[in-house]
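Peer 1: below are the sequence and a predicted model for it; my questions follow.
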Amino acid sequence: MANNLLKGKRGIIFGALDEKSIAWAVAERCHEEGAQIVLTNAPVALRFGKINELAEKLNTKVIPADATKIEDIENLFTESMELLGGKIDFVLHSIGMSLNVRKKKEYTNLNHDWMLKTFDISAVSFHKVMQVAYNMDAMNDGGSILALTYMAAQRTFPEYNEMAESKALLESYARSFGYHFGVKNKVRVNTISQSPTMTTAGSGVKGFGTFFDFADKMSPLGNADAASCADYCVVMFSDLTRMVTMQNLFHDGGFINMGINSVALAGDEDAEA
Ligand SMILES: NC(=O)c1ccc[n+]([C@@H]2O[C@H](COP(=O)([O-])OP(=O)(O)OC[C@H]3O[C@@H](n4cnc5c(N)ncnc54)[C@H](O)[C@@H]3O)[C@@H](O)[C@H]2O)c1
């Protein structure tokens, strides 16, 4: 159901790779709510992903940018403002990649050069995006910047590996930059901590399917899917949340506050009876 919550707003959405990507669902919902958007991803993702299909569907353009490169991000903001006809109202950072996970390195035997690259892609890129937007004065007053994160920043999920520290850093950048952006022009900066979701990045984590099922049984509302995450992002980009900033917002069906329940413990829905 569309309510024109983002009518007249301009946004940049990072990270739509294919139709399973959370950013894909967010882009579709923002478009539905009346926003004008630009899509972006790393040049390599443009070659093997499907982002051009999405751009065609939403009648927009893909501007390639490696989010670890300042000059790419500067070009992205310059071109986006030209294309959309003004300053930007919202940005979604939906980027994550771990070299050690990809190469199946255990947490106790990490390649630390790869770990730093993981931090650069998954977390420092968020600071870089905000720094460019801040210094170019590219955000409209009262704008909204979001990044997607995961609860491994607070709790231990051994197979999540170095991504746990990436997410802790990402969430910290939201608080610190949220201060500076708030003072400058009332721009909000938040992270959404999303349930396990079946995507390319998600399913790269060892044992993801088992964990996905466990989280689904443990959460009173079940796992939040990409479509409901997109709804939450729309609300956070809208003017309805203009006083919410520097927060890590759990969007996980209640999982964060659970201890144990009989369904998850038994691994069997009949146990509830
Ligand atoms: N899937 C889950 O279970 C889950 C849960 C919580 C949070 N998240 C987070 O959601 C976000 C989106 O992930 P997803 O699950 O939709 O998977 P995804 O694989 O569809 O998206 C990850 C994106 O990061 C992009 N990317 C990688 N390196 C980049 C670079 N250098 N520059 C620009 N873009 C780059 C990829 O091309 C891809 O589009 C990530 O931050 C992820 O950690 C995912």
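Peer 2: Great, that's in hand.
Peer 1: got any ranges where the protein has weak pLDDT?
Peer 2: Across the chain, the ranges flagged by pLDDT under 70 are 267-273.
Peer 1: can you give me the strands for it?
Peer 2: 10-14, 36-40, 88-93, 139-149, 188-194, 248-251 (DSSP state E).
Peer 1: dump the ones you listed into JSON lines; add distance to residue 108 and mean neighbour count as well.
Peer 2: Backbone N, C-alpha and C define where each C-beta goes, glycine included. As requested, the strands of the chain are arranged in JSON lines below (distance: least, CB to CB, whole Å; neighbours: other CB atoms under 10 Å):
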{"stretch": "strand 10-14", "distance to residue 108": "32", "mean neighbour count": "25"}
{"stretch": "strand 36-40", "distance to residue 108": "36", "mean neighbour count": "25"}
{"stretch": "strand 88-93", "distance to residue 108": "29", "mean neighbour count": "26"}
{"stretch": "strand 139-149", "distance to residue 108": "24", "mean neighbour count": "23"}
{"stretch": "strand 188-194", "distance to residue 108": "26", "mean neighbour count": "24"}
{"stretch": "strand 248-251", "distance to residue 108": "27", "mean neighbour count": "19"}
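Peer 1: turn those strands into CSV, including distance to the ligand.
Peer 2: Output for the strands of the chain, formatted as CSV (distance: least, CB to the nearest ligand atom, whole Å):
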stretch, distance to the ligand
strand 10-14, 6
strand 36-40, 7
strand 88-93, 7
strand 139-149, 4
strand 188-194, 4
strand 248-251, 9
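Peer 1: tell me how many other residues crowd whatever residue of the stretch 151-273 of the chain ends up closest to the ligand.
Peer 2: In the stretch 151-273 of the chain, the residue that lies nearest the ligand is residue 202 (2.6 Å; CB to the nearest ligand atom). Neighbour count for residue 202, taken as other CB atoms under 10 Å: 20.
Peer 1: what residues does it make contact with?
Peer 2: 196, 208, 212 (CB atoms under 8 Å, 6 or more residues apart in numbering).
Peer 1: residue 231 versus the residue nearest to the second one when sequence neighbours are not counted, what's the distance?
Peer 2: Once flanking residues are discounted, residue 208 sits nearest to residue 202: 6.0 Å by CB to CB, 6 or more residues apart in numbering. Between residue 202 and residue 231 the distance is 19 Å, computed by CB to CB, to the nearest Å.
Peer 1: could you do residue 190 as well?
Peer 2: Distance of residue 190 to residue 231, computed by CB to CB: 15 Å.
Peer 1: now do residue 89
Peer 2: Distance, residue 89 to residue 231, using CB to CB: 18 Å.
Peer 1: kindly report the residues of this protein close to the ligand.
Peer 2: Residues of the chain lying close to the ligand by CB under 6 Å from any ligand atom are 14-15, 17, 21-23, 41-42, 45, 66-68, 94-97, 121, 148-150, 194, 196-197, 199-202.
Peer 1: please convert the buried members of the residues you listed into ChimeraX selection syntax.
Peer 2: Buried members of the residues of the chain next to the ligand can be picked out in ChimeraX with the line below, counting by 16 or more other CB atoms under 10 Å:
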select :14,15,17,21,22,23,41,42,45,66,67,68,94,95,96,97,121,148,149,150,194,196,197,199,201,202
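Peer 1: just the ones of the residues of the chain next to the ligand in helices?
Peer 2: 22-23, 45 (DSSP state H).
Peer 1: switch the residues you listed over to CSV; also include distance to residue 241.
Peer 2: Listed next are those as CSV, based on distance: CB to CB, whole Å:
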residue, distance to residue 241
22, 19
23, 19
45, 29
